[in-house]
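Participant: Quick one: sequence plus predicted model below, questions after.
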Amino acid sequence: MSGLQCLASENVWFDKMRYDEAEKCFYEGANGPSMRVKTAMQQPKGAQQKRRHRNSSSHAGGDQELVSRMKSMELENHTLHKVVEDMRAALQKLESRVAMLEKSPAAVPCAKAAPAKQVENGDDDDDDDIDLFGSDEDDDEAERIKQERLDAYAAKKSKKPTLIAKSSILLDVKPWDDETDMVKLEECVRSVQMDGLLWGASKLLPVGYGIKKLQINCVVEDDKVGTDILEEEITKFEDYIQSVDVAAFNKI
């Protein structure tokens, strides 16, 4: 208890703030006031270095942007120079063409006047050649030429071969009975001859009960031979032929 009572009577810990201040003053007195000034100067120097670095970086970025902008402006300036040169060349060509056109109209009217003069002279010549009354000799000559052309056309047309219409006829010639001589019957049929008639192939076909008919082909010219005349001539052979029928008729 004596120790605790002793500590309780001491007040050193309660005056700690005063002791700390005294210690600070002691060290400041030992090192001098330059230490504080130095520390105070070091802090602004670091800030100035940071500020300078920041300013230098910002200046570098601004310089790059300025260089790029200058390059773009130089390129644009070069393009504009080229456009101006092209426009100047086109203007010079236009001026030269205008100068040529201004010179040429003086010669054009002269060139146009000469053909007009020639046309006028030509009209006078045509008027001189026209005969308003005409003559009978010219009409006779034209009629003669026309007649000669008609005669030449008629002669040329007459030389062309005309198309002859032909027909192919298939006849069925029937005998009286099975005892009829079919060879003799065919001879009788082929004996019919006339202009425009040509006999062709033939064959025997059975009819019934042993009777056969003669089927014969012929070619006729339509203008010269008809089926009626042909049937009439064939049926004249009454001893062998009973009837004649047209089995087929085709145009050739």
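Facilitator: Received it, and whenever you're ready, just let me know what you need. Numbers count the residues shown, from 1 in each chain.

Participant: Tell me the helix or strand right after the helix or strand of the chain with the lowest mean pLDDT.
Facilitator: The helix or strand of the chain with the poorest confidence is helix 108-129; it has a mean of 48 (mean pLDDT, DSSP states H and E). Next along the chain after helix 108-129, taking DSSP states H and E as the criterion, comes helix 136-159.

Participant: Which strands or helices does that next one pack on?
Facilitator: If you count contacts as 3 or more CB pairs under 8 Å, 6 or more residues apart in numbering; DSSP states H and E, helix 136-159 packs onto no helix or strand. To be clear about C-beta, it is placed using only N, CA and C from the backbone, and glycine gets the same treatment.

Participant: residue ranges for the helices of the chain, please.
Facilitator: 2-9, 16-31, 34-103, 108-129, 136-159, 182-190, 227-234 (DSSP state H).

Participant: could you give the mean pLDDT of the fifth one?
Facilitator: Okay, so that is helix 136-159. Across helix 136-159, pLDDT averages out at 81.

Participant: Span of stretch 227-240 from start to end?
Facilitator: 20 Å (CA to CA, to the nearest Å).

Participant: which residues does Tyr27 contact?
Facilitator: Residues near Tyr27 by CB atoms under 8 Å, 6 or more residues apart in numbering: none.

Participant: In the stretch 151-252 of the chain, where is pLDDT below threshold?
Facilitator: 160-162 (pLDDT under 70).

Participant: what ranges do the strands span in it?
Facilitator: Assigned by DSSP state E, counting those that start in this stretch, the stretch 151-252 of the chain shows strands spanning 166-174, 197-208, 211-221, 243-251.

Participant: would CSV of those strands with mean neighbour count and distance to Glu65 be doable?
Facilitator: Shown next, in CSV, are the strands of the stretch 151-252 of the chain (neighbours: other CB atoms under 10 Å; distance: least, CB to CB, whole Å):
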stretch, mean neighbour count, distance to Glu65
strand 166-174, 18, 108
strand 197-208, 12, 114
strand 211-221, 19, 112
strand 243-251, 12, 105
